[in-house]
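Peer 1: give the three-dimensional model of this entry:
(chains A and B)
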Amino acid sequence: AQSVAQPEDQVNVAEGNPLTVKCTYSVSGNPYLFWYVQYPNRGLQFLLKYITGDNLVKGSYGFEAEFNKSQTSFHLKKPSALVSDSALYFCAVRVSNSGGYNKLIFGAGTRLAVHP
Amino acid sequence: NAGVTQTPKFQVLKTGQSMTLQCAQDMNHEYMSWYRQDPGMGLRLIHYSVGAGITDQGEVPNGYNVSRSTTEDFPLRLLSAAPSQTSVYFCASSSDPVGGYTFGSGTRLTVV
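Peer 2: All right, here's what the predicted structure looks like:
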């Protein structure tokens, strides 16, 4: 089955330290991968995507993600965390059904808590 | 530019009642989706549409209907509300499935 997994429910990091939020995927064919962020009582906001090309993808708010095909991973990273980065982060993968339609499948989410 | 607009923001229903959650986008996006968000389960796809007149089921379609008569609107209908449908519902749209989706601000539904 095609799916995406976020193995950590919560990640805690001190402000100024680097952060990593993990994501692994299982899809047939070449993966199209996404990261979204959700602030309290808000909808999801698109951060970045990997379609093809460089394995390191840069996105909004200083975030980047590293695609690793051999490990089927797409971890979200930031060199220096801010308290304002505290939010819920979702990894997603595009899958296609038998009719050729594309849709996004989301992971369960990882809550990032950045402490002053 | 309003983006994706969802109404209402909050709703309380009694078991067995029906209602329609509205979703409208003004970006001329072909792709629209409905998700429900439950604690510890992330977002689960209910129904989606790849254009006017074309819809398909997602992961958890039971108890919900959709239609897409125009590009702009993608309403979600709850046929007979159940407490298990208590959730936060998000509508999203995109010009392309490999692009980033734009999400609405959500509808918090409680079924008592």
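
Peer 1: ok, B:Phe90 - how many residues close by?
Peer 2: Using other Cβ atoms under 10 Å in any protein chain shown, the number of residues around B:Phe90 comes to 25. Yep, even glycine has a C-beta here, placed from its N, CA and C like the rest.

Peer 1: so it bridges to which residues?
Peer 2: Beta-bridge partners recorded for B:Phe90 (DSSP bridges): B:Tyr35.

Peer 1: residues contacting it?
Peer 2: For B:Phe90, the contact set (Cβ atoms under 8 Å, 6 or more residues apart in numbering or on different chains) comprises A:Gly43, A:Leu44, B:Gln6, B:Trp34, B:Tyr35, B:Arg36, B:Gln37, B:Leu43, B:Phe103, B:Gly104, B:Gly106, B:Thr107.

Peer 1: do the same with B:His29
Peer 2: By Cβ under 8 Å, 6+ apart, the residues touching B:His29 are B:Thr71, B:Ser93, B:Ser94, B:Ser95, B:Thr102.

Peer 1: out of the residues you listed, which sit inside strands?
Peer 2: Judged by DSSP state E, the subset of the contacts of B:His29 located in strands is B:Ser93, B:Ser94, B:Thr102.

Peer 1: where in chain B is pLDDT low?
Peer 2: B:1, B:97 (pLDDT under 70).

Peer 1: need the contact list for the most centrally placed residue in chain B.
Peer 2: Residue closest to the average C-alpha location in chain B (Cα atoms, centre = their mean): B:Trp34, at 3.1 Å. Applying Cβ under 8 Å, 6+ apart to B:Trp34 gives the contacts B:21, B:23, B:45-48, B:58, B:64, B:66, B:74, B:76, B:89-92.

Peer 1: strands along chain B, start to end?
Peer 2: Going by DSSP E, chain B shows strands at B:4-7, B:10-13, B:19-25, B:31-38, B:42-51, B:54-57, B:64-66, B:76-78, B:87-94, B:102-103, B:107-111.

Peer 1: tally of neighbours for residue 75?
Peer 2: If you meant another chain, say so; for now it's chain A. Other residues near A:His75 come to 17 when the count uses other Cβ under 10 Å.

Peer 1: try again with chain B
Peer 2: Close neighbours of B:Pro75, defined as other Cβ under 10 Å, add up to 16.

Peer 1: with A:Phe106 instead?
Peer 2: Residue crowding around A:Phe106 was assessed by other Cβ under 10 Å; the count is 23.

Peer 1: run through the bridge partners of the residue nearest to it when sequence neighbours are not counted.
Peer 2: Leaving aside its sequence neighbours, A:Phe106 sits nearest to B:Leu43 (Cβ to Cβ, 6 or more residues apart in numbering or on different chains; 4.2 Å). With DSSP bridges as the criterion, B:Leu43 is bridged to B:Gln37.

Peer 1: so how far is A:Leu19 from B:Leu43?
Peer 2: 22 Å (Cβ to Cβ, to the nearest Å).

Peer 1: more neighbours, those two?
Peer 2: Set B:Leu43 next to A:Leu19 and count neighbours by other Cβ under 10 Å: B:Leu43 wins out with 26 against 20.

Peer 1: is it true that A:Ser84 lies in a helix?
Peer 2: Yes: under DSSP: H, G, I helix; E, B strand; the rest coil, A:Ser84 falls within a helix.

Peer 1: for it, which non-adjacent residue is closest in space?
Peer 2: Excluding the flanking residues, the one nearest A:Ser84 by Cβ to Cβ, 6+ apart is A:Val114, at 7.8 Å.
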